[in-house]
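Visitor: Just need the structure, nothing else, for what follows:
(one chain, ligands or ions: 2)
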Amino acid sequence: MPNNSTSLRVLESHFVCAAASMAHCPPASLPEVAFLGRSNVGKSTFINQLLGHKIAKSSATPGKTQTANFFVTTWQLGLEKVAFGCIDLPGFGYAKVSKSLQEEWGVFLCTLLKQRPSIKLFLHLIDARHPHLSLDTKVQEFLQSFIKLDQRIQCIYTKFDKLTSHAQHSLVQENPSALVSVLKPSTLKPKFGSLQNLQKTLLNALLGRT
Ligand SMILES: Nc1nc2c(ncn2[C@@H]2O[C@H](COP(=O)(O)OP(=O)(O)OP(=O)(O)O)[C@@H](O)[C@H]2O)c(=O)[nH]1
Ligand SMILES: [Mg+2]
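Guide: Ligands and ions are numbered 1, 2, ... in the order given. This is a model prediction of the structure:
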């Protein structure tokens, strides 16, 4: 396994397609990361950070991403080249009334997550300011109900920059296995990691190296 000082570079990324049904999804030939979380939590923004350019459309208005958007990226870690897919999903939790995940999200997205074995990493983005919402618990339960041995779930707190320093420490203490992200990765305090470390952690999780 590459050690922590091995450098990581994003070599290339491109948009593949937007799908609104299983029939429109591209062939599942590469390992994939699915980015899921409430509307407006920062899924598209985080994909852009990881891939190093604005490839996924983000917006201050909730409900921006309406289809499952597929991207492919190639990264170099030391001497190793890895190509993988990223799936930017529509958010849930926009409706004011509490509904089941399937009602919120529709049959397509639930089926996509359950029936696409190439998804090796489910990245669950949670707003750091609201870490205990019942909808996020429902998502965890939903994922746990079907994931296979070669699939992983990883939580990441977004909008971590909106917390006070004290609240940042408390949240990380409460859930040490979660990752954190901020709007401008270069402003993340070193004790909370770096964009490179995040990229390496996610790549290792995707490849089942954790
Ligand atoms: N302060 C701060 N703002 C963020 C962060 N991540 C995202 N945002 C902002 O949050 C808003 C929503 O970001 P998106 O990336 O579009 O969120 P999304 O989860 O893709 O939203 P939907 O596609 O509607 O589900 C944008 O205005 C982003 O600039 C963060 O870590 N910190
Ligand atoms: Mg989005």
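Visitor: who's in contact with G91?
Guide: By CB atoms under 8 Å, 6 or more residues apart in numbering, the residues touching G91 are 37-41, 43, 62-63, 65. C-beta coordinates here come from the backbone N, C-alpha and C atoms, glycine included.
Visitor: What pLDDT does the model give the closest residue in space to I147 that isn't next to it in sequence?
Guide: Excluding its sequence neighbours, the residue lying closest to I147 (CB to CB, 6 or more residues apart in numbering) is I153, at 6.5 Å. As predicted, I153 sits at a pLDDT of 97.
Visitor: Need the three-state assignment for I153.
Guide: Classification of I153 into helix, strand or coil gives strand, according to DSSP: H, G, I helix; E, B strand; the rest coil.
Visitor: Please report the distance of K184 from ligand 2.
Guide: Distance of K184 to ligand 2, computed by CB to the ion, to the nearest Å: 18 Å.
Visitor: swap that for A167, please
Guide: Look at A167 and ligand 2: by CB to the ion, they are 25 Å apart.
Visitor: Could you report the neighbour count for the closest residue to that residue other than its chain neighbours?
Guide: In space, not counting the residues next to it along the chain, A167 is nearest to A128; the distance is 7.9 Å by CB to CB, 6+ apart. A128: 24 surrounding residues under other CB atoms under 10 Å.
Visitor: again, but for D127
Guide: By the measure other CB under 10 Å, the count of residues near D127 is 19.
Visitor: switch to numbering from 59
Guide: All right, first residue 59 from here; so that's D185.
Visitor: Please tell me the pLDDT value assigned to it.
Guide: pLDDT, D185: 97.
Visitor: What of S223?
Guide: With respect to pLDDT, S223 scores 95.
Visitor: And the one 5 residues further on, by the same measure?
Guide: S228 carries a pLDDT value of 97.
Visitor: what about it, distance to ligand 1?
Guide: Noted for S228: a distance of 18 Å to ligand 1, by CB to the nearest ligand atom, to the nearest Å.
Visitor: circling back to that earlier point, any idea which of the contacts of G149 has the most stuff around it?
Guide: Each of the contacts of G149 was scored for neighbours by other CB under 10 Å, and K101 scores highest at 29 neighbours.
Visitor: Please identify the residues of the chain in proximity to ligand 1?
Guide: Residues of the chain found near ligand 1 (CB under 6 Å from any ligand atom) are 95, 97-103, 116-118, 120-123, 148-149, 216-217, 219-220, 239-241.
Visitor: Give me the number of neighbouring residues for the residue nearest to I205.
Guide: The number of residues packed near I211 is 16, by other CB under 10 Å.
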